[in-house]
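**Q** okay, structure incoming, though there's no sequence with it:
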């Protein structure tokens, strides 16, 4: 048994800061471990210390952790009595999940916390609970430091995610030159996210658009564009049926997987469209012909040459209803593909819900939690959508064994938590909002936060000013002012709350005042640019799609009016 006692002064100012600040009163946490390595114990200690000290400056908690092999791997239990907490799980990730539940269950006051009486034992409903980091366009995932990425992966693990994904190598921005500095930097970024995941025992998935090509692909190998606009025609896509096409894709695939020698992914997700696809006579229909042939070829290549134990996910994103049957037949011969991913831009397709996959294969979803209703993505702050995601969850509940969330950045952090609640314990969106509020907005009334999220979702889609939007924006600003006054002091400037507050300011100016050219809007946008790192866009860099993820300052003359907070108090 490994035992450690930590007595330290709170607190870590915010999660990107590594050093602790000295406070007047001590915070005493005592850790005891059984069945975990010394490194794993240190990880848990750091995680718990940081999160508690970011909220309060004093209190005592005695934590006893143990691996219990009678539990299923991700199953955990949590029991508390007085200032003692006992956490057991069937694996190290299970202990991380238990730690998250404990942290969210503590009752935080202005200076200290109390430990409620708890007896919890649970295991997740779905086997694959993944978040995909869309690391491109110099968005937050692209610009964040290694420490920030590591911290965010920890945060998701505390909420029950057991997998992280990102693009294997963003070849759309590169020449096919693995020795180049650009290629090396791209690979290093992926390795950073992989390492952050693996240190917590999470699985890591690399997404590969199966016939996507590099910038310097010979023009004569270019594929025939997709005909369905919902599938997109982004990037540069090679035709494997043209002379030299398959050889080119072989060389590219080998270059990608050779770049991760000794650091291979647990899963590769083969992606069909956007980027991807070729509808020439030999490849088309791509969804049921060329794509499946490429997937079979490259599953075998990866297993034979690079990672014999690697598993695969086959995406059927934006498939038409009459295209799924071919995949259901194809997968019978591919035990190396345990998961089939399906989803669409709106309602979930019917075929996967009405036809069970062959034995040994499971269905997962691809919830798009970032781009609905607003552009630029992340340009306005937090975008909670509890109603929309509940409707989509009701379509698939009981039919799927997991998800891979599509994320463009931390502005939809709350949507990740809503989805985690669905897939971990079939928890309602509003219950997840309440738990989020008790933890991230400690001191505020969780019901106010639920109401705030309802208001912000009601005015998510940008429309001309109207009475309905004015009423919702005014109510949201009133709730934001109230929450801001009640939240514990240490959390008031936390990025999670500030992105909500900035969104409320912007909605008030747009929908109540009717004027977005105000100093309040300028200040809110500048703050969001700092939060999402668009202020770090490299000078002289050319990224024609950076505008997709950059909060945009008002144009024209800027007026100075009373702050919304002042007007709220006068009403």
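**A** Done, it's in. Keep in mind that this is a model prediction, so the values were computed, not measured.
**Q** how far off centre is the longest helix along the chain?
**A** With secondary structure taken from DSSP state H, the chain has its longest helix at helix 467-486. Using Cα atoms, centre = their mean, to the nearest Å, the distance from the centre of helix 467-486 to the centre of the chain it belongs to is 27 Å.
**Q** now stretch 312-327
**A** On the basis of Cα atoms, centre = their mean, stretch 312-327 is displaced by 24 Å from the centre of the chain it belongs to.
**Q** for it, give the mean pLDDT please.
**A** The predicted model gives stretch 312-327 an average pLDDT of 98.
**Q** pop the domain breakdown of the protein in here.
**A** Annotated domains of the chain cover 2-122, 128-439, 447-570 [automatic domain parsing].
**Q** before we move on, back to that, the longest helix of the chain - contacts with which helices or strands?
**A** helix 446-458, helix 495-507, helix 564-570 (3 or more Cβ pairs under 8 Å, 6 or more residues apart in numbering; DSSP states H and E). Yep, even glycine has a C-beta here, placed from its N, CA and C like the rest.
**Q** what are the ranges of the helices in the stretch 251-400 of the chain?
**A** 290-305, 324-330, 351-354, 386-396 (DSSP state H, counting those that start in this stretch).
**Q** for residue 174, find the nearest of these.
**A** helix 290-305 (18.7 Å; Cβ to Cβ).
**Q** contacts for the closest one?
**A** Helix 290-305 is touched from outside by 208, 210-211, 240-241, 246, 249-250, 253-254, 257, 268, 270, 272, 276-278, 282-284, 310, 312, 314, 326-327, 330, 334, 336-337, with contacts defined as Cβ atoms under 8 Å, 6 or more residues apart in numbering.
**Q** so how far is it off the chain centroid?
**A** Once both centres are worked out by Cα atoms, centre = their mean, helix 290-305 turns out to sit 28 Å from its chain's centre.
**Q** so where's the chain uncertain?
**A** 1-25 (pLDDT under 70).
**Q** picking that back up, now distance to residue 233 too, for the helices of the stretch 251-400 of the chain, in JSON lines please.
**A** As requested, the helices of the stretch 251-400 of the chain are exported to JSON lines (distance: least, Cβ to Cβ, whole Å):
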{"stretch": "helix 290-305", "distance to residue 233": "15"}
{"stretch": "helix 324-330", "distance to residue 233": "22"}
{"stretch": "helix 351-354", "distance to residue 233": "24"}
{"stretch": "helix 386-396", "distance to residue 233": "26"}
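**Q** looking at the helices and strands packed on helix 467-486, which one is packed in the most?
**A** helix 495-507 (a mean of 23; mean count of other Cβ atoms under 10 Å).
**Q** just how off-centre is it within its chain?
**A** Shown here is helix 495-507, whose average C-alpha point lies 19 Å from the average C-alpha point of the whole chain (Cα atoms, centre = their mean).
**Q** what is the neighbour count of residue 315?
**A** Other residues lying near residue 315 total 27 when counted by other Cβ atoms under 10 Å.
**Q** was I right to think it contacts residue 366?
**A** Yes. In this structure residue 315 lies within contact range of residue 366 using Cβ atoms under 8 Å: 7.2 Å.
**Q** now do the shared contacts for the two.
**A** Residues touching both residue 315 and residue 366 (Cβ under 8 Å, 6+ apart): 341, 342.
**Q** thought residue 198 was touching residue 204?
**A** Yes. Residue 198 is within contact range of residue 204, at 6.3 Å (criterion: Cβ under 8 Å).
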